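S.K.: Next come a sequence and a model predicted from it.
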Amino acid sequence: METEFGIKKLTKETWLQPDDAAKLFFRANPDGTISRLSGEDWIASLLVVELPEKVPEDVRRLFAVARGAMAYGCFFYPLFTLGLEHSFRVLEAALTVKCQQLGGRGKQKSWKDKLRLLVAQGAISDPEAAKWDAKREFRNLVCHPDFQQILPPAVAIGILTDCANLISLLFANHAD
């Protein structure tokens, strides 16, 4: 398949074809054999990453877009990373919503300010705050790129899962 800038070149003929980069990944089967990851394998590993009903709908909708973009990474591989980058915006939206639920009304402009408020309010523990801060650092890296980062599926899905876990914990004690 023809490439452009080191990625799949999109044309009318190639846009629905699996990306050659996606064909480079394998999985270990229960019987001990190794097989190439299929689109079905990719979507199955993404569909298990969900947010519970206690998470506000707007946050779940944003998360669905991030996960959906990643799902189409088998057709255009950079979508794995693009979807993951969106998950960091979802994290910040979750912080904003939680701050609003606790009475913060726009005073907290930055991720750090929101995190400080939520720690002070007891909504986020110190160990959880360290994880949120690590995601903030990663978000800052991807929001100010000087090159197109491309992550392998296992790494991207692992980070997406971490994001889902942080968001789920944030709203675990919230009654709708």
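M.R.: Sure thing, it's come through.
S.K.: From what I see, Glu92 and Trp111 are in contact.
M.R.: Yes - between Glu92 and Trp111 there is a contact at 5.5 Å, judged by C-beta atoms under 8 Å. Any C-beta I mention is one placed from the backbone N, CA and C, and that applies to glycine too.
S.K.: just for the chain, where's the confidence low?
M.R.: 105-106, 147, 173-176 (pLDDT under 70).
S.K.: most distant residue from the middle of it?
M.R.: What lies farthest from the middle of the chain is Asp31; by C-alpha atoms, centre = their mean that is 30.7 Å.
S.K.: For Leu141, see how far away that residue is.
M.R.: Between Asp31 and Leu141 the computed distance is 40 Å (C-beta to C-beta, to the nearest Å).
S.K.: Then Ala28?
M.R.: Taken as C-beta to C-beta, the span from Ala28 to Leu141 is 31 Å.
S.K.: what about the strands in the protein?
M.R.: Listed in chain order, the strands of the chain (DSSP state E) span 3-4, 7-8, 26-28, 34-36.
S.K.: what's the most buried one of those strands?
M.R.: Each of the strands of the chain was scored by mean neighbour count; the highest is strand 7-8, a mean of 18, by mean count of other C-beta atoms under 10 Å.
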